[in-house]
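In: fold the following, please.
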Amino acid sequence: MLSATLRFTLCIVFLMILFSQAESYDPLDPFGNITIKWDVISWTPDGYVALVSMYNFQLYRHIMSPGWTLTWGWAKKEVIWSMVGAQTTEQGDCSKFKGNVPHCCKKNPTVVDLLPGVPYNQQIANCCKGGVVASWGQDPASAISSFQISVGLAGTSNKTVKLPTNFTLLGPGPGYTCGPAKIVPSTVILTPDHRRKTQVLMTWNVTCTYSQLLVAKHPSCCVSFSSFYNDTITPCPKCSCGCHNKKDCIMSDSKKLKMLGINTPRKDNAALLQCTHHMCPIRVHWHVKINYKEYWRVKVAITNFNYKMNYTQWTLVAQHPNLNNVTQVFSFDYKPLVPYPSINDTGMFYGMKFYNDLLMEAGPTGNVQTEILLKKDKNTFTLKQGWAFPRKIYFNGDECQLPPPDAYPVLPNSAHNSLLSFFTIIASSYVFIFLIL
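Out: I've put the predicted structure just below:
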């Protein structure tokens, strides 16, 4: 009896571990994470100086404004004497110190990045971007954020240092789960002339992974479909992102939109959504536009329905079998994502720098559009059974709600060339009206 009970208990524990890991697993970015590396670069009389670097190894999920917030707990009674490139949000009670007063005396300090434009003596490399960190797939050079910290009342050698615990990362909201700090081989640094290697005194890493389930119960975006061969537009499903904001939404023709400060973000980043049947802040529309002899063309439009949020360095990820043969992408930058060597069906779209990498708040300018030209594979290409529509869509790293498969635009049975041309004209008119509403 005891043996059976023990087996049952072990089975439950195994399943709990399995599901907890599955929550943070992204099949399109299986190795994506944020790694926080602490490099001890010198010892001080009562502690150490460390360079803390945050590497965003996620292919398409970046940290947007208002930026990251990092919290941890000290193992002993450590204090922060000074910081360069970042600051704590509170100093805490430092009344026991006479003369030199620490930067922070809290047991659980909360650190934020400095804003751009701070004096040079407060900066180090890769700091001071307001906490905004690009994704590794979009811009590896901007996917790093760093600061320097001087810790006191701590260990002064590899054997006496106690690692910080209970790391929490907000990027900028919830969603990340951080593991414990782990000592790793010390970082090796190459001198500028590439002729000598130096080594830091001690290194430990903290790995944080993202789970969309920890952010909200509902998606934050939805997808609608249309095509040249069918005049029916498949809208986002009703209440795709939940209808909990329905009572606070605002109509697109409301006089309130003329009020001053209507687009000013709130401190809690609460959304002010345009009233729609889907109640999503972001809608992605996929339109199958033209069918050529050897190619076919898709138009993609991203619309912002949040009056209090614009999206910097936004990303759009699509999964479709024909993305293995993209001929040209207009007005967006494009990069194929190949998480598995044998499969090439996923790509990332993002705005061109200084052109359309900023998706403005809801309104006449709150949308960006592109067209994609794809070469056909005669063995697989078809317009039947919804093949021309994406399998998955992600916006800013969060998966969007797709319509149910039985609602996809259907190819007419008698789809002759003349009929297809007629449908092209009619459907394009419908789609144009749909996109500007």
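
In: could you tell me the end-to-end distance of stretch 255-272?
Out: 15 Å (Cα to Cα, to the nearest Å).

In: contacts for it, please.
Out: Residues from elsewhere that reach stretch 255-272 (Cβ atoms under 8 Å, 6 or more residues apart in numbering): 66, 172-173, 245, 248-250, 281, 306-309, 361, 363. For the C-beta atoms, the positions are set from N, CA and C on the backbone; glycine is no exception.

In: so which bits of that stretch are buried?
Out: 257, 263, 265, 271-272 (16 or more other Cβ atoms under 10 Å).

In: turn those residues into JSON lines, columns for secondary structure.
Out: Formatted as JSON lines, the buried residues of stretch 255-272 follow (DSSP: H, G, I helix; E, B strand; the rest coil):
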{"residue": "L257", "secondary structure": "helix"}
{"residue": "N263", "secondary structure": "coil"}
{"residue": "P265", "secondary structure": "coil"}
{"residue": "A271", "secondary structure": "coil"}
{"residue": "L272", "secondary structure": "coil"}
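
In: if we can go back for a sec, quick one: buried ones out of the contacts of stretch 255-272?
Out: Neighbour counting by 16+ other Cβ under 10 Å classes 66, 172, 245, 249-250, 281, 306-309, 361 among the contacts of stretch 255-272 as buried.

In: give me the lowest-pLDDT entry from these.
Out: Within these, the minimum per-residue pLDDT falls on N245 (79).

In: verify the contact between it and H278 for me.
Out: No - counting by Cβ atoms under 8 Å, N245 stays clear of H278, with 11.2 Å between them.

In: mind checking which of the contacts of stretch 255-272 land in helices?
Out: Using DSSP state H, no member of these falls in helices.

In: of these, closest to K76?
Out: P172 (30.0 Å; Cβ to Cβ).

In: how far away is that closest one from N230?
Out: Distance, P172 to N230, using Cβ to Cβ, to the nearest Å: 41 Å.

In: equivalent analysis for L359, please.
Out: Remark: distance between L359 and N230 (Cβ to Cβ) = 28 Å.

In: mind listing the helices for the stretch 1-150 of the chain?
Out: Listed in chain order, the helices of the stretch 1-150 of the chain (DSSP state H, counting those that start in this stretch) span 2-23.

In: residue ranges with poor pLDDT in it?
Out: 1-25 (pLDDT under 70).

In: tell me, how many residues neighbour K384?
Out: 9 (other Cβ atoms under 10 Å).

In: for the one 5 residues further on, same thing?
Out: Summarising burial for F389: neighbours were counted as other Cβ under 10 Å, giving 23.

In: what's the answer for the one 4 residues further on, then?
Out: Other residues within reach of I393 by the criterion other Cβ under 10 Å amount to 23.

In: good, wrapping up.
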